[in-house]
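>>> Kindly return the folded structure for what I paste below:
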Amino acid sequence: MRWLLPREDVFYGLIEQQGALVAEAARALAGLAAGAPPEQVHAAVRDIEHRADALVDEVEDRLARVFVTPIDREDIQGLVAAIDDIIDDIDLAARTLALYRLPRPTRPMLEMIEVLTKAAELLHGELPALRRHDYARLLTAARAIKQREKEGDRVFRAALGRLFHDPTIDTRALLREKEVLEDLELAIDSCETVAERLKHLAVKHG
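Got it, this is the predicted structure:
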């Protein structure tokens, strides 16, 4: 019957692997700043997204086979799904950039990618606090990620304002840049969603 009672680090380990993939995907997207072609970046992010999907499948399979989990299974499912959403959104942004064949991201896009990368690295670095039941640290991390989201929101709104007040930009370019910015904003917002789930866990168990 021991297989019905997995050690706590089984699920924590899978969640931490997800965090590592979030950071990896954000770093791959940040390759655009170094001049990597959008198609190459998308291919790299897509590979990470496939590995992330396999992790989600593994979590679901294990949840279906066990009776006892280290935290409520609904919390595990919710957290895993929210983390996976970040990677899906990064993949969406990379796919949009490749689809529109932008030769180089604009400065606001690069700024938002930098914010996203910082939030992803924060998440990756602080997720192990869940395994240690260090809920005070989780709260601090959640607040720090929230600050990154606010920073990204400021960049996003300022960029949109400039786009719609630029008399020299044509409609196609405006719509293209707007969609990329929205995809990046979505990825940053997904980081905040994970932060809220971590905050919930900290309050619930702390």
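>>> alpha carbons only for contacts and neighbour counts from here, please
OK.
>>> Quick check: end-to-end length of stretch 91-111?
Stretch 91-111 has its terminal residues 18 Å apart, counting by CA to CA, to the nearest Å.
>>> all helices for this structure, in order.
9-30, 38-65, 73-100, 107-126, 128-131, 135-164, 171-205 (DSSP state H).
>>> name the helices or strands packed onto the shortest one?
Counting contacts by 3 or more CA pairs under 8 Å, 6 or more residues apart in numbering; DSSP states H and E, helix 128-131 packs against helix 9-30, helix 135-164.
>>> Of those, which is nearest Ile87?
helix 9-30 (5.7 Å; CA to CA).
>>> before we move on, the earlier item: let me know which of the helices and strands packed on helix 128-131 is tucked in deepest.
Among those, helix 9-30 has the highest mean neighbour count (mean count of other CA atoms under 10 Å), at a mean of 21.
>>> and that helix, how far from the chain's centre?
Its chain's average C-alpha position is 9 Å from that of helix 9-30, according to CA atoms, centre = their mean, to the nearest Å.
>>> ditto for stretch 180-197
The answer for stretch 180-197 is 7 Å, by CA atoms, centre = their mean.
>>> export the helices and strands packed on helix 128-131 to CSV and tack on distance to Ile86 and mean pLDDT?
Listed next are those as CSV, based on distance: least, CA to CA, whole Å; pLDDT from 0 to 100:
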stretch, distance to Ile86, mean pLDDT
helix 9-30, 7, 95
helix 135-164, 13, 93
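>>> Include distance to Glu114 when you put the ones you listed into CSV, please.
Formatted as CSV, the helices and strands packed on helix 128-131 follow (distance: least, CA to CA, whole Å):
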stretch, distance to Glu114
helix 9-30, 7
helix 135-164, 9
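>>> between those helices, which gets nearest to Arg172?
Of all those, helix 135-164 comes closest under CA to CA, at 11.6 Å.
>>> Run through the neighbouring helices and strands of the closest one.
helix 107-126, helix 128-131, helix 171-205.
>>> what bits of the protein have low per-residue confidence?
Scanning the chain for pLDDT under 70 picks out the ranges 1-8, 166, 206.
>>> tell me the centre residue of it?
Ile86 (2.9 Å; CA atoms, centre = their mean).
>>> list the contacts for it?
22, 187-188, 190-191 (CA atoms under 8 Å, 6 or more residues apart in numbering).
>>> what do you get for Asp183?
89-90, 92-93.
>>> Ok, Ile83 next?
18-19, 22, 190-191, 194.
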